[in-house]
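Visitor: Quick one, what's the 3D model for this:
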Amino acid sequence: MQEVLLNTYLAYRAKRSFVFANYTWNDNGSLYSEYNGKKIPSQIPYSVMIRGPSVGDPMPAGVDAPRAVSRTYYEKVCAGQKVVIPRGEVLDSLPSPQNLNAQAITDAWLDKLATIDSPCVESKKETDQLYNYLVFGDPRAMLEIWPSLAASPVLTHFGWSPLVELAFDTNRDLFVTPTRLEPYLSNSPFTTNAERYPMIPGLMVVHLRRGDYKEHCVNLANWGSTYLAFNSFPEMLDKFEPPSSGTPAEKQEFVRPHCYPTIPEIVARISALRKTRAGAGLKKLYIMSNGDRQWLQELKTALNRDARWDMITSSRDMVLNQEQKYVAQAVDMLVGQRAQLFVGNGFSTLSSNIVTMRMANHFPSDSTRFW
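Guide: Predicted structure coming up:
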């Protein structure tokens, strides 16, 4: 999602239409693919997950920039007149570390686009993304571009799709205290990101990746990885520096509590954060997780044994219809975005999507923490 947001921002700055495609797991023409032994759609329209400038919604009044268009429309109107630019033609001239600086990358593309008269421009597919995984993994990459990006309609008018919002409304009892008058999103006209998704008092949301992360966290330690770019704002209270020395086992154990904490470590961290200013008055705990039901039940039992909660629920407790099951992570992100206190995984892009929205909507920095 972050790549889509930055590409939209680049098009907005260039006063060109961003071309959005489907969220693509497999582009071989198949309707379904297989993941972990289960069938999943090979492609999902982005509009079933998000709304806003990135998927063709109108720009807000007074913004001098064209709307985004679908790839289908682009292919039709631009047939035979495309200008295709290899990524290296623009970025190879950027010295390190500027080649990992999102602002420098954006400026380089803006300079290039200003020299091209054709309205139909695309980067060559085989030459990597405009903003690749190395950029999103560098803790300094977003610092310079952030003020302008956060103030742009790309984020101020970002929203979650009606399908996602309806799932939130259906499950609102898991997040909202009964005494709070909370309007249903699906019955409310869209205004702005900040106005539509305010903080929900009393709600704590934690993100706990399990499954493949057991091995992935070992790899992160071996690679010397840092927290991701959107999890590394200077305002964040929880910072992470990978160890510069030690055996592989020592490095892995250093990373593990931040990436794959045990149940006792999770309980202790939540208990400590409830005692902070940002944790005052927490009543409901929602666990974003791909963990299995047995592990989640063990965690809930340990948490209830440690302290009193009005309710502890998880992603597995969400009631979703057939269509919403394919956007369940987007529903989780909407919940996490609105938490009074959010605890994320600093190595996770899903957590960093949530952090991006919380920062864009000016939530207090001490309300966003990491393991």
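Visitor: Identify the residues contacting the lowest-mean-pLDDT helix or strand in the chain?
Guide: When the helices and strands of the chain are compared on mean pLDDT, DSSP states H and E, strand 38-41 comes out lowest with a mean of 81. Here strand 38-41 makes contact (CB atoms under 8 Å, 6 or more residues apart in numbering) with Trp25, Leu31, Tyr32, Ser33, Glu34, Tyr326. The way it works is simple: take the backbone N, C-alpha and C, and place the C-beta from them, glycine included.
Visitor: Same check on stretch 51-69?
Guide: Outside stretch 51-69, the residues that reach it (CB under 8 Å, 6+ apart) are 4-5, 8, 11-12, 15-20, 46-47, 70, 153-154, 156-162, 190, 193.
Visitor: Buried subset of these, written for ChimeraX?
Guide: Entered in ChimeraX, the line below selects the buried ones among the contacts of stretch 51-69, by 16 or more other CB atoms under 10 Å:
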select :4,5,8,11,12,16,17,18,19,20,46,47,70,153,154,156,157,158,159,160,161,190,193
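Visitor: Which residue ranges of the stretch 201-350 of the chain form strands?
Guide: 284-289, 311-314, 339-344 (DSSP state E, counting those that start in this stretch).
Visitor: The shortest one pairs with which strands, parallel or anti?
Guide: For strand 311-314, the paired strands and their directions (DSSP bridges) read strand 284-289 (parallel).
Visitor: The residue of the chain most remote from its centre and Lys112, how far apart?
Guide: Ranked by distance from the centre of the chain (CA atoms, centre = their mean), the top residue is Gly80, with 35.6 Å. Separation of Gly80 from Lys112 (CB to CB, to the nearest Å): 22 Å.
Visitor: Quick check: which of the strands of the stretch 201-350 of the chain is nearest to Leu134?
Guide: Of all the strands of the stretch 201-350 of the chain, strand 339-344 sits nearest to Leu134, with 21.0 Å by CB to CB.
Visitor: what angle do the closest one and strand 284-289 make?
Guide: In terms of direction (axes from the mean of the first three to the mean of the last three CA atoms, to 10 degrees), strand 339-344 departs from strand 284-289 by 30 degrees.
Visitor: now strand 339-344: mean pLDDT?
Guide: The average pLDDT for strand 339-344 rounds to 98.
Visitor: residues near the nearest residue to Ala104 once chain neighbours are set aside, how many?
Guide: Spatially, and ignoring its direct neighbours in sequence, Ala104 is nearest to Gln98 (4.2 Å; CB to CB, 6 or more residues apart in numbering). Neighbour count of Gln98, defined by other CB atoms under 10 Å: 14.
Visitor: so Gln98 makes contact with Thr106?
Guide: No - if you go by CB atoms under 8 Å, Gln98 and Thr106 don't touch, sitting 11.4 Å apart.
Visitor: what residues does stretch 251-268 touch?
Guide: 206, 208-210, 213-214, 216-218, 220-222, 224-225, 240, 242-243, 246, 269, 298-299, 302-303, 306, 345-347, 370-371.
Visitor: cool, stretch 332-340 as well?
Guide: Contacts of stretch 332-340 (CB under 8 Å, 6+ apart): 160, 164-165, 168, 175, 197-205, 207, 278, 281-282, 286, 288, 315, 342, 344, 350-351, 353-354, 357-358, 361, 367.
Visitor: Return a selection command, for use in PyMOL, containing the buried ones of those residues.
Guide: Per 16+ other CB under 10 Å, the buried members of these correspond to this PyMOL selection:
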select buried, resi 160+164+165+168+175+197+199+200+202+203+204+205+207+278+282+286+288+315+342+344+350+351+353+354+357+358+361+367
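Visitor: which of the contacts of stretch 251-268 are buried?
Guide: 206, 208-209, 213, 216-218, 220-221, 225, 240, 242, 269, 299, 303, 345-347, 370-371.
Visitor: quick one: which of the residues you listed sit in helices?
Guide: Tyr213, His216, Cys217, Val218, Leu220, Ala221, Arg269, Leu299, Leu303 (DSSP state H).
Visitor: quick one: contacts for the first one?
Guide: The reference is to Tyr213. Counted by CB under 8 Å, 6+ apart, Tyr213 has contacts Cys259, Tyr260, Asn345.
Visitor: I'd like the residues you listed as TSV, with distance to Arg87 appended.
Guide: Converted to TSV, the contacts of Tyr213 look like this (distance: CB to CB, whole Å):
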residue	distance to Arg87
Cys259	31
Tyr260	34
Asn345	29
